[in-house]
Structures are given as structure tokens and as C-alpha cells.
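S.K.: make a model of this:
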Amino acid sequence: MNVNQQVSQFTAWYGSGTDGSCPTEAQWAQILGRPADKPVTLINFFKLRDKAEYSEGSGDASGQDAFASYAAVSIPAMKHAGGRFLHVGPFQGMFLGENEDWDVVAIGAYPNLDALKTLYSDESYRNAFHHRTAACERQKVLVSGD
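M.R.: Okay, here's the model as predicted:
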């Protein structure tokens, strides 16, 4: 499958990204166009909602509860794909630069692009991703690597 086909597949699974809940087509193309054999590190910043917002109605789940439901699936799926977390913890403020307000910071490392694609292709991960969307008021993910 070429990069354009992969972008189309991931966009079909996760959405357009125009609401900030997942990568846009251009962001998918950028990461999927990386050299396949190079490591990929994703630095995630999450701001959680007080109350989760599910498209089908959330009942009384908090953003924290929804995020925990996402993590319960995403952590094992990431490990199975060959990735690992270098750090997961609460955001504690800025040391340098403009002030930002986040709740959670997670740094995930993947040995190569295939590991990242394996995670995002995993059916259990895709099925749990709506918990992440429901949990997050906003999020930012930075890409780093060799």
C-alpha cells in the first residue's frame, strides 16, 4: 500500500482531523512519508474535559474516566505493536516559552514507522479511540525522531 492509500485508510478510520481529535490528511501524509526504518517519538499533550463528550451520549463519565478507558486498550496495543512509553505523567507547568495549560504528557517511542502503523491499524485501538476523543478538550502531538 502506498502512502496515499495509507493516508486514505487512516482518514477513513479516524476522521478528517479538522476538529483536532486526530491527524489531518496532511499530518498523516507527513508521518507516513517518513523513512520506514527510522524511530518515531510522539510527544502528546492532553487537556481533559470535566465531563466526557461522546457522540452517542456519555452518561456521567468524566474526561478522566474516558481517558482511562482509552488507556486500558491503547497501552497494551502500543506494546503489542512494538512501541513503549518513555514517560507518562501530569503536566506541571512551563520552564521556558509561552505558558500552556495541559493535564497529561505522554512520550511514546516506536522503533520504526511500521510499529506506529501497526498501532493505528489495530482494530481494538481503533475501537477505543473514541474514548480519547470524548476525554480530550484539546490535544497536541509533536513528532520527533532520527
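
S.K.: how many residues are close by Phe46?
M.R.: Phe46 has 21 neighbouring residues, counting by other CB atoms under 10 Å. C-beta here means a position set from N, CA and C on the backbone, and glycine is covered the same way.

S.K.: pull the distance from stretch 88-106 to the chain's centre.
M.R.: 17 Å (CA atoms, centre = their mean, to the nearest Å).

S.K.: what does stretch 63-80 contact?
M.R.: 46, 48-52, 54, 58, 61, 84-85, 104, 108, 118-119, 122, 124-125, 127-129, 131-132, 134-137 (CB atoms under 8 Å, 6 or more residues apart in numbering).

S.K.: thought Gln6 was touching Leu32?
M.R.: Yes - counting by CB atoms under 8 Å, Leu32 is a contact partner of Gln6 at 5.0 Å.

S.K.: shared neighbours, those two?
M.R.: When contacts are counted by CB under 8 Å, 6+ apart, Gln6 and Leu32 are jointly contacted by Lys117.
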